[in-house]
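K.L.:
my questions are about this predicted structure, shown below with the sequence.
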Amino acid sequence: MKAVLLLPLLLVLCSGNVVKNDNERDQDWWETTIFYQIYPRSFADSDGDGIGDLNGITSKLGYLKELGVGAVWLSPMFQSPMYDFGYDISDFYAVHDEYGTMEDFENLIAAANELGIKLVLDLVPNHTSNESVWFQEALNGNEKYYNYFVWEDAVIDENGDRQPPNNWRSHFRGSAWEWRDEVGQYYLHQFVVGQPDLNYRNPEVVEEMKNIIRFWLDKGIAGFRVDAVNCLFEVDKNLFGGKYPDEPLSGNLDVHPDSHDYLSHIYTKDQNETYYMVYEFRDVFDEFTAKDGLTRVMMTEVYASIQDVMRYYGEGDLLGAQIPFNFDLITDVDASSSANDIKYTIDKFMTYKPVDKEANWVVGNHDNKRMATRYGPSLVDGMNMIVLLLPGVGVTYMGEELGMVDGYVSWEDTVDPSGCNTNDPINYADSSRDPCRTPFQWNAEKNSGFSTADKTWLPVADGYETLNVEAQKAAERSHYKVYQALAKLRQDKVFRYGRYDSVAFNKDVFVFRRWYNDETYLVVVNMRDTDYEIDLTYFENVIGDVSVVLRSIQSPKNEGDVFNASSVPVVGYEGIVLKL
Ligand code: NOJ
Ligand code: MG
């Protein structure tokens, strides 16, 4: 009797360390939706200048709704000289003129709201444009704005020549320092010359960035993807006698000595201060949530170790991003990977992720080869099954629902600084991001229906005549239709609350299971062009029949087909969603 009374008391006393698992808790809008990334320059051109724009996006919201997307994140649409296609912002408070006006933006939000689609913008806190008023004022000798940036004296070499302060490299090759006569110093740019880094050790910069966040949240957006956030802080140079120290060599001898990967970025990335800045940004988001009850989401763009990525979720009472992008399915695996590699990669994120946070799954974006190119076109449906049916948030880069592949962009047509800065007309394509940014493929008409212009800013990829929205909507079976069905299926409780486990049956066949109460689904993805017969009863409690709920376009099965779980035939590259 006493023990019975004591137990609840003990539980209360120890509650600080109790981890509760709240099944069927209310899920917030962002936990169950799909985030669809639009690269505004390449989605839809409404005014025939060959460049996508906001009105183009507004005109296509119906497409996204029908697809089953609940939130859109837009790559930057702020005023920009476009040295890095919008990631170099000259006015954080204005819409880029090629993309439209503030009124167009307000129309876009209103139209999206009407359809129940949330809008997420891209916050670029690390740097501005060298054409921004801030930078121009800094050059004019305005001290307030001088202090917005990171300046350092030249080093004079033995010949009396001026050299950059240290060996730091830009992400786009060459020194990360650029000399300015007006100031008589070098400024830091971790990205292109036109992207001077902001100085996060200056509280006025922090306040300015928070005001930018407030400005756009006030317009009714549902959050921000935060760009290159692990580059916000450089090491405190006062710890090094007032001079930024050289970074050590990475030891990676396969890369060009001018390239970013030549160094190990211990002083320019992943500094401890960065995490606390992210938590401060989150507080600003939460100011708005407190006002109107709508959760504002933060998605952080960080390519780092799994341990560092996890820190963006928050620490203790400090909240960070709801969605620290999980890039593992981009960086760790591709078409050559085995089913074991896929399992290992997925388990990695699930293992490190705090139990009370959502996972997220991403297979492409505007900086990496398209999913259908990296995994091969045969795996499009299988990969979409993985992204949309694993536990957590699904993120789609525009065109993944169609299996769009990277386009060919000649050296002459290459505009991405990452490609151009190689100065290498032969191997530029390895570095260029243009191929994954070619225009969206709407139909078989001129410029794939993207634009009526004679020349689009990037050429449309070959094959658009058959690979496009219209064709896939008309076809009886298509990637589009599989995607649409997956978007519906993920609303089911099994996929929202259900548990997850997985088995690599051999080096080719990856299977995961989701189950909740008495419902169980099995998702089979064959990574290779080899046929198999799989015994799914290897999973505990899986016996009897399984029926086909959904299958990839090359599957010979039909929906509703029934198989004995102990012998399910799987053809090459097949993706199947089975229900027990
Ligand atoms: C990451 C963005 O995704 C990329 O496109 C850009 O070049 C860099 N950050 C710099 O902003
Ligand atoms: Mg246009």
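P.N.:
Great, that's in hand. Numbering: from 1, shown residues only. Ligands and ions are numbered 1, 2, ... in the order given.

K.L.:
what's the nearest residue to V571 if we skip its chain neighbours?
P.N.:
In this structure, V571 finds its nearest non-sequential neighbour in D531, 5.2 Å apart by C-beta to C-beta, 6 or more residues apart in numbering. (Each C-beta comes from the backbone N, C-alpha and C, glycine too.)

K.L.:
in the stretch 351-500 of the chain, which residue sits nearest ligand 2?
P.N.:
Using C-beta to the ion, the closest approach of the stretch 351-500 of the chain to ligand 2 is made by S451 at 7.0 Å.

K.L.:
wait, a helix at that residue?
P.N.:
No: using DSSP: H, G, I helix; E, B strand; the rest coil, the assignment for S451 is coil, not a helix.

K.L.:
how many other residues sit next to the closest residue to it other than its chain neighbours?
P.N.:
The spatial neighbour of S451 that comes closest, neighbours along the chain excluded (C-beta to C-beta, 6+ apart), is D45 at 3.6 Å. Per other C-beta atoms under 10 Å, the neighbour tally for D45 reads 25.

K.L.:
now D45: phi and psi?
P.N.:
Main-chain torsions, D45, degrees, to the nearest 10: phi -100, psi 110.

K.L.:
got it, and T520?
P.N.:
Main-chain dihedrals, T520, degrees, to the nearest 10: phi -140, psi 130.

K.L.:
can you report how many residues lie near W411?
P.N.:
Neighbour count of W411, defined by other C-beta under 10 Å: 14.

K.L.:
burial measure for S59, as a count.
P.N.:
As a burial measure, S59 scores 15 neighbours (other C-beta under 10 Å).

K.L.:
please apply the same query to H260.
P.N.:
By other C-beta under 10 Å, 21 other residues sit near H260.

K.L.:
helix/strand/coil for N541?
P.N.:
Secondary structure state of N541, per three-state DSSP, is coil.

K.L.:
where's the residue lying closest to it once chain neighbours are set aside relative to ligand 2, distance?
P.N.:
Once flanking residues are discounted, N541 sits nearest to T520: 7.7 Å by C-beta to C-beta, 6+ apart. Noted for T520: a distance of 48 Å to ligand 2, by C-beta to the ion, to the nearest Å.

K.L.:
where do the helices sit along the stretch 301-450 of the chain?
P.N.:
Taking DSSP state H, counting those that start in this stretch as the test, the helices found in the stretch 301-450 of the chain are 306-311, 328-331, 339-352, 371-374, 380-389, 417-420.

K.L.:
for Q271, which non-adjacent residue is closest in space?
P.N.:
Residue nearest to Q271 in three dimensions, not counting chain neighbours: F233, with 4.0 Å by C-beta to C-beta, 6+ apart.

K.L.:
ok, the one you found - contacts?
P.N.:
Counting by C-beta atoms under 8 Å, 6 or more residues apart in numbering, F233 touches Y200, R201, Q271, E273, T274, M277.

K.L.:
could you look up the SS state of it?
P.N.:
Using three-state DSSP, the structure places F233 in coil.

K.L.:
so the residue nearest to V571 versus L486, what's the distance?
P.N.:
Relative to L486, D531 is positioned 24 Å away (C-beta to C-beta, to the nearest Å).

K.L.:
also T32?
P.N.:
Look at T32 and L486: by C-beta to C-beta, they are 13 Å apart.

K.L.:
how about V333?
P.N.:
As judged by C-beta to C-beta, V333 and L486 stand 20 Å apart.

K.L.:
try N517
P.N.:
Distance of N517 to L486, given as C-beta to C-beta: 21 Å.

K.L.:
for W361, same thing?
P.N.:
12 Å.

K.L.:
what do you get for E574?
P.N.:
From E574 across to L486, the span is 15 Å (C-beta to C-beta).

K.L.:
same thing with G86?
P.N.:
Distance from G86 to L486, by C-beta to C-beta: 30 Å.

K.L.:
next one: I213
P.N.:
33 Å.

K.L.:
do D104 as well
P.N.:
Noted for D104: a distance of 32 Å to L486, by C-beta to C-beta.

K.L.:
ok, those two, which is more surrounded?
P.N.:
Per other C-beta under 10 Å, whichever of D104 and L486 has more neighbours is L486, with 25 against 18.

K.L.:
which outside residues touch stretch 552-572?
P.N.:
Contacts for stretch 552-572 (C-beta under 8 Å, 6+ apart): 378, 380-382, 385, 477-479, 482, 509, 524, 526, 528-537, 542-551, 573-576, 578, 580.

K.L.:
then stretch 281-288?
P.N.:
With contact meaning C-beta under 8 Å, 6+ apart, stretch 281-288 is reached by 123, 125, 209-210, 213-214, 217-218, 223-224, 226, 294, 296-298, 314, 319-321.

K.L.:
what of stretch 239-253?
P.N.:
Counting by C-beta under 8 Å, 6+ apart, residues outside stretch 239-253 touching it are 152, 165-169, 234-235, 237, 261-268.
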